[in-house]
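K.L.:
quick one, fold the following:
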Amino acid sequence: MSKEKIVESLLGQTTQKKKSRIPARLDFLQSATGLFLAIFMIFHMLFVSTILISKDFMFSVTKAFELSFLFEGGSSIPVFITILVVFIIFIFHAFLALRKFPISYREVLRLKTHSDLMNHGDTKLWIIQVGTGFALFFLGSVHLYIMLTNPGNIGPYASSDRVYSDMMWPLYIMLLAAVEFHGAIGLYRLSVKWGWFEGDDPKKSRKRLKKAKWILSAVMLTLGVATLLAYMKIGAEHQANYGERYIPQIEVQNAN
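P.N.:
Purely as a prediction, here's the structure:
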């Protein structure tokens, strides 16, 4: 083969590699799965925080997720399917995100040096997101596995027993901090990356998005801490009757 053909062949291979759409598709999938998980976590927080309204209200919401309006007494199967789907998307998102993680000590040092020299706010947010994402891979997996194997143990007493008597509260404190910071930063970075809510002035838009991110983090963390304290209080009061399921007040009154 002549030199010209060899060079042409190599240039052709290089062009084909540059034209590969796989990295872009993986980026899109990472963004899509991250957006899904972030939205899911917001609704999940709203669901678990119903305990702040009343035990009866939390119980009614739980039964709605168990499709009690279709099956008498409800079924844990819909909950199991939901958790399984979320778990699969969670693992897939983590796998996609690992492509951009620093994988060696040298890369970590290089990233730290770059961050210190540039003093760039968004770079520091990305570092926080990497750290919280790494923590979430372990903390989130533990929580999801427990829920996947016990989809029927959700309710005012069942959830409180898990938090307090089963000593899951230390994990939930770490999980709460990691997921709220990771999710809020993720939504901010997605908005910047894809140009969502971008007005005529990109700098002002980015400042508004960053402010919204911190507000979201503060609101969700406050709500999460209040919810966790409520479950711990109920769990402490119910410890002597560990394992007993919650009975709505209307059913207690009717029984009497």
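K.L.:
hey, let's count contacts and neighbours off CA atoms from now on
P.N.:
Will do.
K.L.:
alpha carbons only: can I get stretch 122-129 in PDB?
P.N.:
What follows is stretch 122-129, C-alpha atoms only, in PDB (Å, rounded to 0.1, in the frame of the first residue of the first chain):
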ATOM      1  CA  ASP A 122     -19.100  26.200  38.500                       C
ATOM      2  CA  THR A 123     -15.900  24.000  38.700                       C
ATOM      3  CA  LYS A 124     -16.200  23.900  42.500                       C
ATOM      4  CA  LEU A 125     -19.900  22.900  42.100                       C
ATOM      5  CA  TRP A 126     -18.900  20.100  39.700                       C
ATOM      6  CA  ILE A 127     -16.400  18.900  42.300                       C
ATOM      7  CA  ILE A 128     -19.100  18.800  45.000                       C
ATOM      8  CA  GLN A 129     -21.400  17.000  42.600                       C
END
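K.L.:
quick one: buried residues of it?
P.N.:
Using 16 or more other CA atoms under 10 Å as the test for burial, stretch 122-129 gives 123, 124, 125, 127, 128, 129.
K.L.:
same question, stretch 61-77
P.N.:
Buried residues in stretch 61-77 (16+ other CA under 10 Å): 61, 62, 63, 65, 66, 67, 68, 74, 75, 76.
K.L.:
I'd like these laid out as a markdown table, including distance to residue 26.
P.N.:
Output for the buried residues of stretch 61-77, formatted as a markdown table (distance: CA to CA, whole Å):
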| residue | distance to residue 26 |
| --- | --- |
| 61 | 36 |
| 62 | 35 |
| 63 | 37 |
| 65 | 32 |
| 66 | 34 |
| 67 | 35 |
| 68 | 39 |
| 74 | 38 |
| 75 | 36 |
| 76 | 34 |
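K.L.:
mind picking the lowest-pLDDT entry from those residues?
P.N.:
Within the set of the buried residues of stretch 61-77, pLDDT is lowest for residue 74 (86).
K.L.:
need the three-state assignment for it.
P.N.:
coil (DSSP: H, G, I helix; E, B strand; the rest coil).
K.L.:
what sits closest to it if chain neighbours are left out?
P.N.:
Once flanking residues are discounted, residue 74 sits nearest to residue 68: 3.8 Å by CA to CA, 6 or more residues apart in numbering.
K.L.:
would you confirm that that neighbour contacts residue 76?
P.N.:
No - with contact defined as CA atoms under 8 Å, residue 68 does not count as touching residue 76 (9.9 Å).
K.L.:
how about the helices in this protein?
P.N.:
3-18, 22-48, 55-65, 77-97, 105-118, 121-149, 156-163, 169-194, 202-238, 249-255 (DSSP state H).
K.L.:
among those helices, which is the most enclosed?
P.N.:
Using mean count of other CA atoms under 10 Å, the stretch among the helices of the chain with the largest mean neighbour count is helix 156-163, at a mean of 23.
K.L.:
pLDDT on that one, on average?
P.N.:
pLDDT averaged over helix 156-163 gives 96.
K.L.:
send me it as PDB with only the CA atoms.
P.N.:
Extracted in PDB, the C-alpha atoms of helix 156-163 (Å, rounded to 0.1, in the frame of the first residue of the first chain):
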ATOM      1  CA  PRO A 156     -46.400   6.000  59.500                       C
ATOM      2  CA  TYR A 157     -45.300   3.200  61.800                       C
ATOM      3  CA  ALA A 158     -43.300   1.000  59.300                       C
ATOM      4  CA  SER A 159     -41.300   3.900  58.000                       C
ATOM      5  CA  SER A 160     -40.700   5.300  61.500                       C
ATOM      6  CA  ASP A 161     -39.600   1.900  62.900                       C
ATOM      7  CA  ARG A 162     -37.100   1.700  60.100                       C
ATOM      8  CA  VAL A 163     -35.700   5.100  60.800                       C
END
